[in-house]
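S.K.: Here's my sequence, what's the structure:
(one chain, ligands or ions: 1)
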Amino acid sequence: MDPSLRRRSTDLPRPRALVTGAAGFLASHLSERLIADGWDVVGFDSMLTGRMENIAGLLSRPEFTFERHDVTNYLHVTGPLDAVLHFASPASPQDYLEHPIKTMKVGSLGTHNALGLALAKQARFLLASTSEVYGDPLVHPQPESYWGNVNPIGPRGVYDEAKRFAEALTLAYHRAHGLDVRIVRIFNTYGPRLRPADGRVVSNFLVQAMEGKPLTIYGKGQQTRSFCYVDDLVRGILGLLQSDHIGPMNIGNPNEFTILELAQAVLDVTGSSSEIAFEPLPVDDPTQRQPDISLARSVLGWEPEVQLREGLTRTYEWYRKERGQ
Ligand code: UDP
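M.R.: Predicted coordinates:
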């Protein structure tokens, strides 16, 4: 643990973090890792898309406290904080298209509240941003210096622009108040706890394969994504948190696949004989996405370790256990 994150003004034996969105897929894994690394964690979640099952193992731990709270409302935490990790937001296209206004509010008002709390506590602030800030990118792969190609008035704009605003607000707090900040741009991530019905491609394909239903490919399946296993992602995020680099920093696995290739990998891993069904491509669906991770490599020495088939196998095992198969 980075000693600079320890508060010297308090007698707390362990550093303490607020994690917003703690009952979500990513932040529940992150909270577990923080506790394993010696932190105390205060978790907040509105439970809009979070699930109590995700934090079932954490709730019995004395290092973890949880409050059901919507961070678009005023945030209060008793006692000191060393870090505020802002992960609250719908993140699956299905979820943010269903909750467009809540998505914009959590990226704007929620980020403002979380920044204000970090400032009051003199805590380091880490924003979970996204590869969606690059929109449908015209530069490939995407380095952090790329400004993106986002349709602000399209349906996905609610997520993309909320996260872009959140990045701008985070840097405004850094410049105006000297707040210690970090921004991570997260690329497609998968693993255990990805909600089976959350609509993202890995969960959809795994569930469809397990149920013998056709795998739904949107468009021709030639669009690409680069899939990062959750453990690799969490390791990268904690590396950034404890580094001196403000970011934004891409964290993702640069191995790029077409959606058709992903479907084949899911069929191989599950041994399913499901067919493929082609469905319409959603509006503004990015045609390609691949992180340039040169920055994370050079600053953090970070590299993803779990490749697609291994990660899919682990995720499949988790889905089987969840469904009692
Ligand atoms: N996709 C698909 N079938 C599905 C779900 C998604 O072909 O059942 C496609 C989607 O159109 C996109 C890619 O898979 O091109 C990744 O979609 P996802 O919702 O996982 O995340 P995104 O990267 O679009 O935010």
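S.K.: okay, CA-based contacts and neighbour counts for the rest of this
M.R.: Fine.
S.K.: Just confirm Asp292 contacts Tyr146, I think it does.
M.R.: No: the pair Asp292 and Tyr146 does not pass the contact test of CA atoms under 8 Å, sitting 10.4 Å apart.
S.K.: Which one's more surrounded, these two?
M.R.: Asp292 (19 against 14; other CA atoms under 10 Å).
S.K.: Might one say that Val158 is in contact with Thr103?
M.R.: Yes: contact criterion CA under 8 Å: Val158 and Thr103 qualify, at 6.5 Å.
S.K.: After the helix of greatest length in the chain, heading C-terminal, what element do we hit next?
M.R.: Of all the segments of type helix in the chain, defined by DSSP state H, the longest one is helix 157-177. Counting by DSSP states H and E, the next helix or strand C-terminal to helix 157-177 is strand 181-186.
S.K.: quick one: the helix or strand just after that following strand near the ligand?
M.R.: Per DSSP H and E, the first helix or strand lying C-terminal to strand 181-186 is strand 189-190. No: Strand 189-190 stays clear of the ligand (CA under 6 Å from any ligand atom), getting no nearer than 8.6 Å.
S.K.: Identify all contacting residues around strand 189-190.
M.R.: With contact meaning CA atoms under 8 Å, 6 or more residues apart in numbering, strand 189-190 is reached by 202, 227-230, 233, 252, 311, 315.
S.K.: Quick one: the residues you listed as a markdown table, columns for neighbour count and pLDDT too.
M.R.: Formatted as a markdown table, the entries for these read as follows, by neighbours: other CA atoms under 10 Å; pLDDT from 0 to 100:
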| residue | neighbour count | pLDDT |
| --- | --- | --- |
| Val202 | 24 | 98 |
| Phe227 | 27 | 98 |
| Cys228 | 25 | 98 |
| Tyr229 | 24 | 98 |
| Val230 | 25 | 98 |
| Leu233 | 26 | 98 |
| Gly252 | 27 | 98 |
| Gly311 | 21 | 98 |
| Thr315 | 22 | 98 |
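S.K.: Tell me where the protein has helices.
M.R.: Along the chain, the segments classed as helices by DSSP H run 25-36, 56-59, 93-98, 100-105, 111-121, 157-177, 201-210, 230-241, 259-270, 294-300, 308-322.
S.K.: So which of these is nearest the ligand?
M.R.: For the ligand, the closest of the helices of the chain is helix 201-210, at 3.7 Å, according to CA to the nearest ligand atom.
S.K.: chain center to that closest one, what's the gap?
M.R.: Distance of helix 201-210 from the chain centroid (CA atoms, centre = their mean, to the nearest Å) equals 19 Å.
S.K.: Also stretch 155-173?
M.R.: Centroid separation for stretch 155-173 versus its chain: 15 Å, with CA atoms, centre = their mean.
S.K.: gap between Ile251 and the ligand?
M.R.: Distance of Ile251 to the ligand, given as CA to the nearest ligand atom, to the nearest Å: 14 Å.
S.K.: Can you check the pLDDT for that residue?
M.R.: Note on Ile251: pLDDT of 98.
S.K.: Glu161 too?
M.R.: Note on Glu161: pLDDT of 98.
S.K.: can you pull the contacts of it?
M.R.: Per CA under 8 Å, 6+ apart, neighbours of Glu161: 104, 133, 152.
S.K.: can I assume the first one is in contact with Ala162?
M.R.: Pointing back at Met104 there. Yes: counting by CA under 8 Å, Met104 does reach Ala162; the two are 5.1 Å apart.
S.K.: where does the stretch 201-325 of the chain come near the ligand, residue by residue?
M.R.: Near the ligand, when you scan the stretch 201-325 of the chain using CA under 6 Å from any ligand atom, you find 201, 204, 216-218, 223, 259, 281-282, 285.
S.K.: Mind putting these into TSV with neighbour count and pLDDT?
M.R.: Putting those into TSV (neighbours: other CA under 10 Å; pLDDT from 0 to 100) gives the following:
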residue	neighbour count	pLDDT
Val201	20	98
Asn204	18	98
Thr216	18	98
Ile217	21	98
Tyr218	18	98
Gln223	17	98
Ile259	21	98
Leu281	14	96
Pro282	12	96
Asp285	14	97
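S.K.: Next step: those residues restricted to strands.
M.R.: If you go by DSSP state E, these have 216-218 in strands.
S.K.: distance of Val42 from the ligand?
M.R.: Taking CA to the nearest ligand atom, one finds Val42 at 28 Å from the ligand.
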